[in-house]
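Asks: Here is my input, please return the structure:
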Amino acid sequence: MMKSLAVSFFTKGRIETTEAKAKELRPFVERLISFGKNPTVAHRRIIAARVSPAITNAIIRMGEKMKSRNGGYTRVIKAGPRKSDSSQRAIIEAVE
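Replies: The predicted structure follows:
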């Protein structure tokens, strides 16, 4: 589940999901962006193993944009309850 959410996040830059999933996805994505900041061969292989190899370049591009930041690459914004089952929604997006 984290893998598919992470792939969606890196392709779109922002996704809407439940609050619990967003809070669980945040450290996973931020670790991948940290690996993308210093794209050695080992880091590229770690990224490709954790998400699909096709997304590796998108992660590295995002890591290069975040080169000056020391952390906090994403933000989680609460979006209110979902109508169907009243679960709390949240938007997770990359900080520019």
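Asks: Please make it C-alpha for all contacts and neighbour counts, starting now.
Replies: Fine.
Asks: what stretches of this structure score poorly on pLDDT?
Replies: Residues of the chain meeting the criterion pLDDT under 70: none.
Asks: residue boundaries of the strands in this protein?
Replies: In the chain, the strands defined using DSSP state E lie at 14-18, 74-81, 88-94.
Asks: Tabulate those strands (JSON lines), appending distance to residue 38.
Replies: Below are the strands of the chain laid out as JSON lines (distance: least, Cα to Cα, whole Å):
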{"stretch": "strand 14-18", "distance to residue 38": "23"}
{"stretch": "strand 74-81", "distance to residue 38": "18"}
{"stretch": "strand 88-94", "distance to residue 38": "18"}
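Asks: As CSV, the ones you listed with mean neighbour count would be great.
Replies: Formatted as CSV, the strands of the chain follow (neighbours: other Cα atoms under 10 Å):
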stretch, mean neighbour count
strand 14-18, 18
strand 74-81, 16
strand 88-94, 19
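Asks: With respect to residue 5, which of those strands lies nearest?
Replies: Proximity to residue 5 (Cα to Cα) singles out strand 14-18 among the strands of the chain, at 8.3 Å.
Asks: Give me the residues contacting the closest one.
Replies: Under the contact criterion Cα atoms under 8 Å, 6 or more residues apart in numbering, strand 14-18 has outside partners 8-9, 87-94.
Asks: What of stretch 68-85?
Replies: Counting by Cα under 8 Å, 6+ apart, 19, 22-23, 26, 30, 33, 66, 87-95 sit against stretch 68-85.
Asks: And the helix of greatest length in the chain, what does it pack against?
Replies: For the chain, the longest helix by residue count, based on DSSP state H, is helix 19-37. Here helix 19-37 touches helix 2-12, helix 41-50, helix 56-65, strand 74-81, strand 88-94, going by 3 or more Cα pairs under 8 Å, 6 or more residues apart in numbering; DSSP states H and E.
Asks: Could you identify the most distant pair in the contacts of strand 14-18?
Replies: Going by Cα to Cα, the pair spanning those furthest: 87 and 94, at 22.9 Å.
Asks: just to revisit the earlier point, just send the contacts of strand 14-18 back as a markdown table, with distance to residue 42 too.
Replies: A markdown table is the format used below for the contacts of strand 14-18 (distance: Cα to Cα, whole Å):
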| residue | distance to residue 42 |
| --- | --- |
| 8 | 23 |
| 9 | 23 |
| 87 | 39 |
| 88 | 38 |
| 89 | 36 |
| 90 | 33 |
| 91 | 31 |
| 92 | 27 |
| 93 | 26 |
| 94 | 24 |
